[in-house]
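Chemist: Sequence plus the predicted model coming up.
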Amino acid sequence: MNDLDALLTPEGRALLDEVRDTDPARELAVATRLRRDHPAELVSAALGQARLRQRAAAKFGAEDAGRMFFTPNGVEQSTRASVAAYRARRMTELGVTSVADLCCGIGGDAIALARAGIRVLAVDRDPATVAAARANAGALGLTDLIEVREADVTEVDTGGYDAVFVDPARRGGRGRIFDPEAYSPPLSWAVEAARTASRAAALKVAPGIPHEAVPADAEAEWISDGGDVKEAVLWFGTEPGAVRATLLPGPRTLPSRGLPDPEVRTPGRYLYEPDGAVIRAHLVAEVAERVGGGLLDATIAYVTADGLVPTPYATAYEITDRMPFNVKRLKALLRDRQVGTLTVKKRGSAVEPEELRRKVRPQGPNSATVFLTRVAGAPTMLIGHPARG
């Protein structure tokens, strides 16, 4: 927090502007030069903040990240701006005008909510994190809508707010926490806090949350951005028991229809790889129905079909070859096809992609994709390329 206080002074802000685009390889030289005219601690803080801003640009965009303030944990754990903006839009569609943002971190979600016109109480118990959140509200001109408070979220009265948003800490001293009751605060506490909200509530949880851990009165939504699964959200005050996958940008949302598992069938001409949010939400059956397909194997989320049916919820590949797993045969086929760029995807296989590439040593001007998987239980290689249609 002392570092941040110093960076908010005129001297600190000027230093931040000066080191904004510093190449990490030149940091030592830049630091040596700047320490002639500025305190060493301030120079180190400015360079450290510049590094964090560079890392944060992927989540927040270069313009916002270049004005915001971060902690190392804040960069890692904050919500991607596109995901936070989507959630804020859902809140406004639900008629929400004020939100208690509990475990607000450096303020990523609070910023998105405020930009949607929602009044926000942003609460966190870590002083450095609170200082960053408060500085970010000021840097982005949102202090009229965001109140930042340092407090234990379990002791905050949320009665004056339409909605509650809780983002429990899911990392501990040993890394990621997978047991929802080991979150800080525990999921059970967050659920009870959500149920007190007068209009709506959202709880951000890990994408790997077991479906059986989802309360019956919650809607469960899995969100991906650019094909990468980012989070799951439990919504209250929406549609109890509903399950959906949302893909950004878009958004495109696939709701569950409660379909039974697709049948296993012989491989067709096309393989569909469902988006990760679709898989996490257990909606592979919905994709299979859309493309008129079935599964390659009862335990693997690859869909196969005879026809090409474009869908945003899965990537389609045209399969040209199928063979039992055999490195020598694959190597010979790739040599004959002059494949030098090989994409390796796997599900249900213990083989590591880099290990396979090293063994087959692809060379040539062409490209191909190989799927290491199982077909009706048998280790199989499917070779093809992204479908064109």
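Modeler: The structure has been received and is ready for your questions.
Chemist: Roughly how far does residue 206 sit from residue 302?
Modeler: For residue 206, the distance to residue 302 equals 24 Å [C-beta to C-beta, to the nearest Å]. The way it works is simple: take the backbone N, C-alpha and C, and place the C-beta from them, glycine included.
Chemist: Name the residue in the two with the higher neighbour count.
Modeler: When residue 206 and residue 302 are compared for neighbours, residue 302 comes out ahead with 24 against 18, by other C-beta atoms under 10 Å.
Chemist: can you pull the contacts of the more buried one?
Modeler: 271-273, 295-296, 347, 371, 373 (C-beta atoms under 8 Å, 6 or more residues apart in numbering).
Chemist: At the geometric centre of the chain, which residue sits there?
Modeler: In the chain, the centroid-proximal residue (C-alpha atoms, centre = their mean) is residue 230; its distance is 1.7 Å.
Chemist: wait, that residue sits on residue 221?
Modeler: No - counting by C-beta atoms under 8 Å, residue 230 sits too far from residue 221 to count as a contact (11.2 Å).
Chemist: returning to what we had before: out of the contacts of residue 302, who's nearest residue 239?
Modeler: Residue 239 lies nearest to residue 272 out of the contacts of residue 302, by C-beta to C-beta, at 27.0 Å.
Chemist: The closest one pairs with what?
Modeler: residue 303, residue 316 (DSSP bridges).
Chemist: Is it correct that it is in contact with residue 295?
Modeler: No - using C-beta under 8 Å, residue 272 is not in contact with residue 295; the gap is 10.3 Å.
Chemist: so what sits against both of the two?
Modeler: 288, 302-304.
Chemist: Sort out which of the residues you listed are buried, if you could.
Modeler: 288, 302-304 (16 or more other C-beta atoms under 10 Å).
Chemist: Now the two most distant members of these.
Modeler: Taking C-beta to C-beta, no two of those sit farther apart than 288 and 302, at 10.1 Å.
Chemist: ok but residue 41 is inside a strand, no?
Modeler: No - Residue 41: not assigned to a strand; according to DSSP: H, G, I helix; E, B strand; the rest coil it is helix.
Chemist: What is the burial count for it?
Modeler: By other C-beta under 10 Å, the residues close to residue 41 number 12.
Chemist: go on, residue 181?
Modeler: 11.
Chemist: Quick check: it is in a strand.
Modeler: No - applying three-state DSSP, one finds residue 181 to be helix, outside a strand.
Chemist: Tell me who's in contact with it.
Modeler: 187-188.
Chemist: Tell me the spacing between it and residue 19.
Modeler: Distance, residue 181 to residue 19, by C-beta to C-beta: 43 Å.
Chemist: quick one on the thing from earlier: and the buried ones among the shared contacts of residue 272 and residue 295, which is closest to residue 267?
Modeler: Among those, and counting by C-beta to C-beta, the member closest to residue 267 is residue 304, at 4.9 Å.
Chemist: Is residue 340 part of a helix or strand, or is it coil?
Modeler: strand.
Chemist: quick revisit: so residue 272 and residue 295 - more neighbours on which side?
Modeler: Neighbours per residue (other C-beta under 10 Å) separate residue 272 from residue 295, with residue 272 holding more: 25 against 21.
Chemist: ok, now which ones touch the more buried one?
Modeler: 287-288, 291, 293, 302-305, 311, 314-317.
Chemist: now, among the residues you listed, which is nearest to residue 384?
Modeler: residue 317 (4.7 Å).
Chemist: isn't that closest one right up against residue 269?
Modeler: No - in this structure, residue 317 is not within contact of residue 269 by C-beta under 8 Å, at 9.8 Å.
Chemist: any low-confidence regions in the protein?
Modeler: Residue ranges of the chain with pLDDT under 70: 1-2, 172-175.
Chemist: Spell out, range by range, the helices that occur in it.
Modeler: 2-7, 10-19, 27-34, 40-60, 62-65, 72-77, 81-93, 108-115, 127-139, 187-195, 276-280, 284-291, 327-337, 353-360 (DSSP state H).
Chemist: related to what we said a few turns ago, tell me the one among the contacts of residue 302 nearest to residue 340.
Modeler: residue 371 (18.7 Å).
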